[in-house]
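[1] Sequence first, then the predicted structure, then my questions.
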Amino acid sequence: MATLTNSRFTTERRVIWRRRPTFCVVTNLRQHSVLNCTGVCITTNYKADGIYLPADDRRHFVAWSDKQKELFQDSYWTELWQWYLLDGGYGHVAAYLAQLDISTFNPKAPPPKTPAFWDIVDANRSPENAELADILDQLGNPYAVTLAQVKAAVQGDEARGDFLYWLQERRNRRQLPHRFEQCGYVPVRNDAAQDGLWKIKGARQAVYGRAGMSLSERLKAAQSLTGTLKPKPKG
């Protein structure tokens, strides 16, 4: 796991959580399945880059404390463990949990997004996402858009010279769908073309449509960029 990127680690742990029941074989017993009831706790000392969470995450509840060990006396931890082990601490905790009213708790609801959750999300946001979102705002957040349109909006703006350079770098091409998705746009495939691209002004191009639109609406918006169809405004 140490060699995985934060985003890759996020994908891998989803596999563990969603794993199907495991088949077990015990001596003198027939094979039987055991339900996966895994409860996962992840700890890190690094809020900014210790873990990756997307803004639309619905699996993680994030708790964070800014307390430092220097704020506690040396005797605090030994006294705490003495309370747990010798003074009935475990029993007190169990009694508290047994009488705690959780009748309004909905285990199927997404966990609340705490300030620490947003700190992690914001720490993993790429600066290119914000710049791309600004350009899309400048274009009026169209129903569909192409990379060429984004580049045209950036060109001539000296303040965005670095962003234009990033857009033009061929090594960044694979990142573009992800960047558009982070800004609320998803690729629109042209099923009539083998490569899935749209021919616009004589050049084959990828088209990105608003994620909140239906597939048929995104297709119509993409077709409008080819000059063969104009989308109707949404009511």
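    In hand now; what should we look at?
[2] for the host helix or strand of Asp137, packing partners?
    Here Asp137, judged by DSSP states H and E, is contained in helix 127-138. With contacts taken as 3 or more Cβ pairs under 8 Å, 6 or more residues apart in numbering; DSSP states H and E, helix 127-138 sits against helix 147-154, helix 161-168, helix 176-182. For the C-beta atoms, the positions are set from N, CA and C on the backbone; glycine is no exception.
[3] closest one to Leu86 among those?
    Distance to Leu86, taken as Cβ to Cβ, is lowest for helix 176-182 among the helices and strands packed on helix 127-138, at 52.4 Å.
[4] Contacts for the closest one next, please.
    For helix 176-182, contacts defined as Cβ atoms under 8 Å, 6 or more residues apart in numbering pick out 125-126, 128-129, 132, 147, 186-187, 206, 208, 211.
[5] thinking again about what came up before, mean neighbour count and distance to Asn45 added to the helices and strands packed on helix 127-138, as a markdown table?
    Shown next, in a markdown table, are the helices and strands packed on helix 127-138 (neighbours: other Cβ atoms under 10 Å; distance: least, Cβ to Cβ, whole Å):
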| stretch | mean neighbour count | distance to Asn45 |
| --- | --- | --- |
| helix 147-154 | 17 | 39 |
| helix 161-168 | 16 | 32 |
| helix 176-182 | 17 | 27 |
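[6] Pull out the buried positions in stretch 200-207.
    Going by neighbour count (16 or more other Cβ atoms under 10 Å), the buried part of stretch 200-207 is 200, 205-207.
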